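Engineer: Sequence and predicted structure are below.
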Amino acid sequence: MLILADDLGYLDSTVAGAKDLRTPNLERLARDGMTFTHAFAASPSCAPSRAALLTGLMPARNGAMLNHQPPRADVKKWPAYFHEMGYEVAAFGKVAHYKQGKDYGFDLVAHDTFHDDECIGAALEYLENRDDPRPLCLCVGTNWPHVPWPEDAEGFDPRSLNIPRNHIDTPATREWRARYYAAVERFDADLGKVYEAAYDKLGETTVFVHASDHGAQWPFGKWNLYDDGTRVPFFVVWPGVTKAGNQSDAMVSLVDVLPTLIDLAGGGAPEGIDGRSFADVVRGTSAAPRDAIFTTHSRDGEMNVFPIRSVRTSRWKYVRNLDPHAAHTTHIDKGKSADGSGYWGSWVDLAKSDKTAKAKVDRYHHRPAEEFYDLENDPYETSNLAGDSRHANTLDTLRKQLDDWMTQQGDRGLATERDVAENFYEKKPAKRAGN
């Protein structure tokens with residue numbers, strides 16, 4: 001059983017230390033099973049992240065680099081692997097990127113339209129009435145906390161909230177933060193319903209997994225390769241196998257989930273994919289399978305044309321902005337009120353008179369070619385050390401590591417970005433990054 005959140009950042013739960021909201025069902029997963037504190041999306045936008053999860057391949061290799069772009073038809077996908085082991089494989093809600101789910105090979109796909117919040121009830125009804133002797137792999141994608149967030153703050157007092165240090169504290173920010181937390185709590189309620197039904201209907205042999213596709217739709221979150229955009233909540237519960245209340249700092253990528261679950265189900269390791277099984281971490285018999293995490297971001301239509309690559313170790317993060325002369329924009333500053341412009345204007349207004357606010361707005365729009373962060377001492381990634389000679393050797397090591405990985409992926413950087421965009425947008429004149 002896999003349940004996905006939609007745009008939920010790692011830090012936005014009481015399990016990760018958040019004080020302003022209530023996530024009792026995430027806490028229950030943490031008590032019952034294993035919490036992974038260093039799990040990462042392959043890409044911080046919906047379609048590429050989900051395609052990577054469901055193929056075990058990074059975006060450049062599965063073909064889904066751009067948001068709304070599906071993986072190539074010839075790529076083997078999640079259901080095919082489980083079909084080979086005799087499983088029925090069903091998807092309710094936003095598992096793949098909306099209607100793309102029908103092309104993944106699931107036995108059943110339902111309620112896969114935008115914010116179809118009936119998906120949870122439909123999944124529960126399916127479990128209640130299911131009469132099939134085959135083992136089941138059930139994937140459920142809640143639509144929360146993706147925008148639009150609830151119109152009502154649902155009990156949250158904007159005045160009492162803690163605002164992240166990399167954001168700008170305005171009354172509008174607080175109002176929208178309260179609405180985001182209301183959306184997070186709606187997700188947590190969905191999670192609780194599915195978790196209860198999983199063990200009630202499928203029994204104690206069920207492996208229950210929860211993850212988010214990427215971080216939340218806030219500046220420096222979604223569409224960014226900072227941890228706010230790529231670090232995600234991740235839990236595994238398997239009664240009798242995972243130790244209750246256990247926590248692991250093993251670094252894992254969402255591309256690793258497919259081979260891990262195949263391994264836990266008794267299947268053989270898939271060949272030729274990027275994902276690595278961390279089943280032995282789940283079983284408690286080995287340490288992490290990775291010492292570095294690679295992430296990529298391409299573009300999201302004309303709202304966001306700012307390609308990025310990154311490599312992260314347990315302490316260091318190297319970010320390469322492929323077209324640093326371009327302005328970084330997203331739905332937040334270019335879209336509708338519900339996308340983020342409802343509070344973004346207050347940031348811009350305050351930046352006219354406040355130096356700290358101006359620095360944050362400038363940082364949002366303008367990025368250097370390279371960014372380098374000491375995550376141990378700078379978890380919000382605000383102090384760029386790329387020009388600090390004291391760290392030159394570490395920076396060079398990560399540069400080469402990223403270069404080698406991109407070569408292995410067949411990723412030519414900006415040239416690949418331009419080719420992929422032109423092909424996907426039906427060879428119409430695409431907006432060139434930086435033009």
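Structural biologist: Received, thanks.
Engineer: Which residue ranges of the protein form strands?
Structural biologist: 2-5, 34-40, 88-93, 108-110, 136-141, 208-212, 231-237, 246-253, 293-300, 304-312, 316-321, 370-374 (DSSP state E).
Engineer: Show me what the fifth one is packed against.
Structural biologist: So the one you mean is strand 136-141. If you count contacts as 3 or more C-beta pairs under 8 Å, 6 or more residues apart in numbering; DSSP states H and E, strand 136-141 packs onto strand 2-5, helix 78-83, strand 88-93, helix 119-129, helix 171-202. (Each C-beta comes from the backbone N, C-alpha and C, glycine too.)
Engineer: 6 Å instead, please
Structural biologist: With contacts taken as 3 or more C-beta pairs under 6 Å, 6 or more residues apart in numbering; DSSP states H and E, strand 136-141 sits against strand 2-5, strand 88-93.
Engineer: quick one on the thing from earlier: same list as before, the strands of the chain that is, but in JSON lines and with mean neighbour count, distance to residue 21 and mean pLDDT included.
Structural biologist: JSON lines is the format used below for these (neighbours: other C-beta atoms under 10 Å; distance: least, C-beta to C-beta, whole Å; pLDDT from 0 to 100):
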{"stretch": "strand 2-5", "mean neighbour count": "26", "distance to residue 21": "14", "mean pLDDT": "98"}
{"stretch": "strand 34-40", "mean neighbour count": "23", "distance to residue 21": "17", "mean pLDDT": "98"}
{"stretch": "strand 88-93", "mean neighbour count": "25", "distance to residue 21": "22", "mean pLDDT": "98"}
{"stretch": "strand 108-110", "mean neighbour count": "17", "distance to residue 21": "30", "mean pLDDT": "98"}
{"stretch": "strand 136-141", "mean neighbour count": "25", "distance to residue 21": "21", "mean pLDDT": "98"}
{"stretch": "strand 208-212", "mean neighbour count": "24", "distance to residue 21": "15", "mean pLDDT": "98"}
{"stretch": "strand 231-237", "mean neighbour count": "25", "distance to residue 21": "13", "mean pLDDT": "98"}
{"stretch": "strand 246-253", "mean neighbour count": "19", "distance to residue 21": "20", "mean pLDDT": "96"}
{"stretch": "strand 293-300", "mean neighbour count": "26", "distance to residue 21": "26", "mean pLDDT": "97"}
{"stretch": "strand 304-312", "mean neighbour count": "24", "distance to residue 21": "26", "mean pLDDT": "97"}
{"stretch": "strand 316-321", "mean neighbour count": "22", "distance to residue 21": "26", "mean pLDDT": "98"}
{"stretch": "strand 370-374", "mean neighbour count": "20", "distance to residue 21": "27", "mean pLDDT": "98"}
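Engineer: Can you say which of the ones you listed is nearest to residue 279?
Structural biologist: strand 231-237 (9.7 Å; C-beta to C-beta).
Engineer: That closest one vs strand 293-300, what angle?
Structural biologist: Taking axes from the mean of the first three to the mean of the last three C-alpha atoms, to 10 degrees, one finds that strand 231-237 is oriented at 120 degrees with respect to strand 293-300.
Engineer: hmm, who's touching strand 231-237?
Structural biologist: If you take C-beta atoms under 6 Å, 6 or more residues apart in numbering as the criterion, strand 231-237 is touched by 10, 29, 32-36, 39-41, 208-212, 242, 282.
Engineer: Next, count neighbours for the closest residue to residue 153 other than its chain neighbours.
Structural biologist: Among residues not flanking residue 153 along the chain, residue 178 sits closest, at 3.8 Å (C-beta to C-beta, 6 or more residues apart in numbering). Number of residues near residue 178 (other C-beta atoms under 10 Å) recorded here: 23.
Engineer: Residue 155 now?
Structural biologist: 10.
Engineer: before we move on, the earlier item: just so I know, which of the helices and strands packed on strand 136-141 lies nearest residue 112?
Structural biologist: Here strand 88-93 is closest among the helices and strands packed on strand 136-141 (C-beta to C-beta), at 6.8 Å.
Engineer: Only C-alpha atoms, please: export the closest one in CSV.
Structural biologist: What follows is strand 88-93, C-alpha atoms only, in CSV (Å, rounded to 0.1, in the frame of the first residue of the first chain):
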residue,chain,number,x,y,z
GLU,A,88,-3.3,-6.8,-8.9
VAL,A,89,-2.2,-3.2,-9.2
ALA,A,90,-4.7,-0.3,-8.7
ALA,A,91,-4.5,3.4,-8.5
PHE,A,92,-6.9,5.9,-6.9
GLY,A,93,-6.4,9.6,-7.1
